[in-house]
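In: Here is my input, please return the structure:
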Amino acid sequence: MNNLIDNIYVPGLQRSGQQEHWVYRNIVCKGECERFAEKRPGVCGCGRKREDHSEVALKRGEEEKGAWNKTQDCKEVPTTGYGKINFSVEDTDQTPDFVRISDGMCETTDGLNQIINLMTLEELWGMDEHKEPNLLISVTGGARDFDVQTELKNNFAKGLCAAAKSANAWIVTGGTDAGVMKMVGDAVYDYPGDIVTIGIATWGIVRGKSQLLRTDTRRNKGASAAFDYNGKVASQGSTAPLNPHHTHFILVDNGTDKTFGGEMAFRAKLEKKIAETYPIEKTALQREIPIIQVILNGGPNSALTCLLSMRQNIPLLVIKGSGNSADVIAKAHSCSDLDSGRRTLSEHGKRMVEEEINMFFPKLSDKDKKNIMGYVKEIIQMDHLLTIYSLESKDLDHALLFALIKSKTDNNSAIEQMSMAINWNRRELAEEILEMDTVQFNKEQLTECMEQAILSDRKDFIDIFLKQDIEMKSFLTFERLENMFKYKPEGSSHMGKKRFFKAVERLLPAIKVTARFDIERHRNVSGKDPGRRI
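Out: Model prediction:
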């Protein structure tokens, strides 16, 4: 990982004889609006009323006309919100980490690196302390509660958690205590075992956010200090409380107040950065961890969120039957024609989709409805990245993971697909991959997959590859045996003598003596004992 911080407390400003914390020095948020630019009567482009602005901002608004600009009219300042949240009126034993952060930090490499440092450094959030992720599941959908049968909701929740647990995934949602975000947060909390669940929301829409601010008297509280939070305070317009069952919150500040959607571009870029931070290195082919976007229900902004991710080559799983944007996309898919890997809508198909948009979003302006149509048309064109799943079906975890495998279409797709199945320990996916007409493995690729299965201690996969006519004489070379013996799995000094010989014996019982002879030969040449206990 790049740009790791050795000293969390750095010299700098002093308050009450204490140094400022690393977060305060390295993470920024938006300051107060500095120019009142009226967007509608009595309301600024930032979303705040005239009376909520300073005299300086009002005077500048009179002198400088023009639309409000988040960069010019709202400068960045050291963050005023970070620590842990104590959900004082909720039934939870979690105190998740949180930070208020400017959306501008995702615009530069240095800014993104600092966010990753905050998330992963042991002295800060330490999110990868136990195990690094093998998958990122990004869930988007309705911010309001919606009607879905309890059984179908439970199927979705259980399938999502099973996929996350199986693949050692981190889950990302919008973080609020309503709709899809609440469903996911509550499901993860009730599911056995720890699953990292990150809520990324717009700071300006968080109900009761003033409870999370560090005033001068609270500035010197450490990053682990908990702030009492009650999200069930009286409604404050277009706001939403945070869900108590997420493990981390990143509250994106774009300078606006009570305006949803300010986190979308930030979220897409951060998800991509997380994937780049954890490359899979168990095979010669190094690559980022995969990301998949899941849409359940979803408001008008959800279609755009999905499109932004797909433009980053991130596959999308649409939960058909959940309503709103998800069903609009599913309808467009079913009404489209596939030609050379691209889906297009006929005039009849367009009318069908327009009817679906009108049914789910009757109050939207014609312009907004036209925008949704544009987003959906572009989404269905990327057919290899799009999978439709019915809520009435079972095995969501299988569908979710297979959607990722389907999305890989480059020259390395065969080995990358199998590598994902091995990392997730899903034998049934590996068998499906081998049966796919679009996937062809050569001997070199099968050999690499076999080696990854051994290094990952995936016994069932070894049996699968043995049936693929791998030539064991050419596979079990001295160099490969030595590399496997020296391999250091996560949390261990090396593969281990017993595990090594057990793997070799499983490959070919007759090779047992030869393997021991080769290891003895290496010991004699090097003067070292590679089989000693550590």
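In: burial count for Gln312?
Out: Neighbour count of Gln312, defined by other C-beta atoms under 10 Å: 13. C-betas here are computed from N, CA, C, even on glycine.
In: Oh, that last question was meant for Ala265, not what I typed.
Out: Residues lying near Ala265 (other C-beta under 10 Å) number 17.
In: who touches it in this structure?
Out: With contacts taken as C-beta atoms under 8 Å, 6 or more residues apart in numbering, Ala265 has the following neighbours: 103, 106, 308.
In: Could I get the contacting residues of the first one?
Out: The reference is to Asp103. 70, 252-254, 262-263, 265-266.
In: tell me the phi and psi of it?
Out: The phi/psi pair for Asp103 (degrees, to the nearest 10) reads phi -60, psi -20.
In: pLDDT score assigned to it?
Out: As summarised for this prediction, Asp103 has a pLDDT of 96.
In: That one and Thr109, how far apart?
Out: Distance of Asp103 to Thr109, computed by C-beta to C-beta, to the nearest Å: 16 Å.
In: Pick out the residue closest to the middle of this protein.
Out: Nearest to the mean C-alpha position of the chain, by C-alpha atoms, centre = their mean, lies Leu136 at 3.9 Å.
In: in what helix or strand does it lie?
Out: Leu136 is part of strand 135-141 when elements are defined by DSSP states H and E.
In: In the following helix or strand past that strand, which residues are buried?
Out: Sequence-wise, the next helix or strand downstream of strand 135-141 (DSSP H and E) is helix 150-167. By 16 or more other C-beta atoms under 10 Å, the buried positions in helix 150-167 come out as 152-153, 155-167.
In: State the mean pLDDT of helix 150-167.
Out: For helix 150-167, mean pLDDT is 83.
In: Which neighbouring elements make contact with that helix?
Out: strand 135-141, strand 169-173, helix 179-190, helix 396-406, helix 413-424 (3 or more C-beta pairs under 8 Å, 6 or more residues apart in numbering; DSSP states H and E).
In: Ile250 in helix, strand or coil?
Out: Following DSSP: H, G, I helix; E, B strand; the rest coil, Ile250 is assigned to strand.
In: show me what contacts it?
Out: By C-beta under 8 Å, 6+ apart, the neighbours of Ile250 are 98-99, 101, 115, 198-201, 270.
In: 10 Å - rerun?
Out: Neighbouring residues of Ile250 by C-beta atoms under 10 Å, 6 or more residues apart in numbering: 97-101, 115, 118-119, 172, 175, 198-201, 203, 263, 266-267, 270.
In: Tell me how far the residue lying closest to Gln417 once chain neighbours are set aside lies from His384.
Out: Among residues not flanking Gln417 along the chain, Ile405 sits closest, at 4.5 Å (C-beta to C-beta, 6 or more residues apart in numbering). For Ile405, the distance to His384 equals 11 Å [C-beta to C-beta].
In: cool, Cys44 as well?
Out: Using C-beta to C-beta, we find Cys44 at a distance of 44 Å from His384.
In: what's the answer for Leu429, then?
Out: Taking C-beta to C-beta, one finds Leu429 at 17 Å from His384.
In: and if you look at Thr95?
Out: Shown here: Thr95 relative to His384, a distance of 42 Å by C-beta to C-beta.
In: Tell me which of those two has more neighbours.
Out: Taking neighbours as other C-beta under 10 Å, Thr95 and His384 compare with Thr95 leading, 18 against 15.
In: For the closest residue to that one other than its chain neighbours, give me phi and psi.
Out: Among residues not flanking Thr95 along the chain, Lys84 sits closest, at 4.3 Å (C-beta to C-beta, 6+ apart). For Lys84, the backbone dihedrals (degrees, to the nearest 10) come out as phi -120, psi 150.
In: hang on, Lys84 packs against Ala225?
Out: Yes: contact criterion C-beta atoms under 10 Å: Lys84 and Ala225 qualify, at 6.7 Å.
In: hey, where'd the strands end up in the stretch 351-500 of the chain?
Out: 386-390 (DSSP state E, counting those that start in this stretch).
In: Point out where it drops to low pLDDT.
Out: The model of the stretch 351-500 of the chain has pLDDT under 70 over residues 394, 409-412, 437-439, 473, 486-500.
In: Okay, helices next: where are they in it?
Out: Along the stretch 351-500 of the chain, the stretches classed as helices by DSSP state H, counting those that start in this stretch are 366-381, 396-406, 413-424, 427-435, 443-455, 459-466, 472-475, 478-486, 497-507.
In: Now tabulate these in TSV and tack on mean neighbour count.
Out: Formatted as TSV, the helices of the stretch 351-500 of the chain follow (neighbours: other C-beta atoms under 10 Å):
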stretch	mean neighbour count
helix 366-381	17
helix 396-406	22
helix 413-424	24
helix 427-435	17
helix 443-455	19
helix 459-466	17
helix 472-475	12
helix 478-486	15
helix 497-507	16
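In: Let's have those in CSV, adding distance to Gly61.
Out: Formatted as CSV, the helices of the stretch 351-500 of the chain follow (distance: least, C-beta to C-beta, whole Å):
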stretch, distance to Gly61
helix 366-381, 27
helix 396-406, 49
helix 413-424, 53
helix 427-435, 58
helix 443-455, 61
helix 459-466, 65
helix 472-475, 73
helix 478-486, 67
helix 497-507, 69
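In: who wins for proximity to Met183 among the ones you listed?
Out: helix 396-406 (12.9 Å; C-beta to C-beta).
In: Convert the closest one to PDB, retaining C-alpha atoms only.
Out: The C-alpha coordinates for helix 396-406 follow below in PDB (Å, rounded to 0.1, in the frame of the first residue of the first chain):
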ATOM      1  CA  LEU A 396     -29.000 -15.100  -5.200                       C
ATOM      2  CA  ASP A 397     -25.400 -15.700  -4.000                       C
ATOM      3  CA  HIS A 398     -24.800 -18.000  -7.000                       C
ATOM      4  CA  ALA A 399     -26.400 -15.500  -9.400                       C
ATOM      5  CA  LEU A 400     -24.400 -12.600  -8.000                       C
ATOM      6  CA  LEU A 401     -21.100 -14.400  -8.300                       C
ATOM      7  CA  PHE A 402     -21.900 -15.900 -11.700                       C
ATOM      8  CA  ALA A 403     -22.800 -12.400 -13.000                       C
ATOM      9  CA  LEU A 404     -19.200 -11.300 -12.200                       C
ATOM     10  CA  ILE A 405     -17.800 -14.300 -14.100                       C
ATOM     11  CA  LYS A 406     -20.000 -13.600 -17.100                       C
END
